[in-house]
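> fold the following, please.
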Amino acid sequence: MERFRILRQANLALLHSLTPAEWDLYGIHAERGAESIRDIAMYYAGHDLNHFEQIEAIGKQHVRWAAIDRRVFARPQAEIESVIGASDQ
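Down below sits the predicted model:
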């Protein structure tokens with residue numbers, strides 16, 4: 001969980017460092033076509049939520065779950081959306 005937290009912080013720092021123009025840079029995905037950095041950030045925010053729900057469901061079956069710091073899971077989409085919103089200003 002600590003590794004996840006550190007990587008999330010690094011990714012958020014990277015997103016914060018982008019200029020407004022960089023948010024619109026894009027690549028071509030083989031199946032989905034053009035995807036901007038903004039698109040990818042939003043995708044990963046939602047993707048995290050899905051996995052957090054899976055982890056929580058599995059975790060509830062184990063005693064160790066009580067020891068996990070749930071702040072690691074705190075509003076991942078809101079964090080990324082706040083960075084994206086800041087890029088629009």
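> return the per-residue confidence for the residue positioned nearest the centre of the chain.
For the chain, the residue nearest the mean C-alpha position is residue 45 (3.6 Å; Cα atoms, centre = their mean). The model reports residue 45 with a pLDDT of 78.
> confirm that it sits in a helix.
Yes - with DSSP: H, G, I helix; E, B strand; the rest coil as the criterion, residue 45 is part of a helix.
> and residue 53, how far is that from residue 44?
Relative to residue 44, residue 53 is positioned 15 Å away (Cβ to Cβ, to the nearest Å). Every C-beta, even on glycine, is put in place using the N, C-alpha and C of the backbone.
> ok, those two, which is more surrounded?
Counted by other Cβ atoms under 10 Å, residue 53 and residue 44 do not tie: residue 44 has more neighbours, with 15 against 11.
> mind showing which ranges of this protein have poor pLDDT?
Flagging of the chain using pLDDT under 70 yields the residue ranges 1, 62-78, 80, 85-89.
> please enumerate the strands of this protein.
26-29, 33-36 (DSSP state E).
> can you give the contact residues for the last one?
Taking Cβ atoms under 8 Å, 6 or more residues apart in numbering as the criterion, the residues outside strand 33-36 that touch it are 23, 24, 25, 26, 27, 28, 29, 43.
> can I get that strand in CSV, CA atoms only?
The C-alpha trace of strand 33-36 is given here as CSV (Å, rounded to 0.1, in the frame of the first residue of the first chain):
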residue,chain,number,x,y,z
GLY,A,33,-8.1,5.8,-31.4
ALA,A,34,-6.8,9.3,-30.3
GLU,A,35,-6.4,9.6,-26.5
SER,A,36,-5.1,12.8,-24.9
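> so which of the strands of the chain is nearest residue 8?
Closest of the strands of the chain to residue 8 is strand 33-36, at 20.6 Å (criterion: Cβ to Cβ).
> sheet partners, orientation included, of that closest one?
Next to strand 33-36 in the sheet, as set by DSSP bridges, lie strand 26-29 (antiparallel).
> and stretch 37-56, how far from the chain's centre?
Stretch 37-56 sits 5 Å away from the centroid of its parent chain (Cα atoms, centre = their mean, to the nearest Å).
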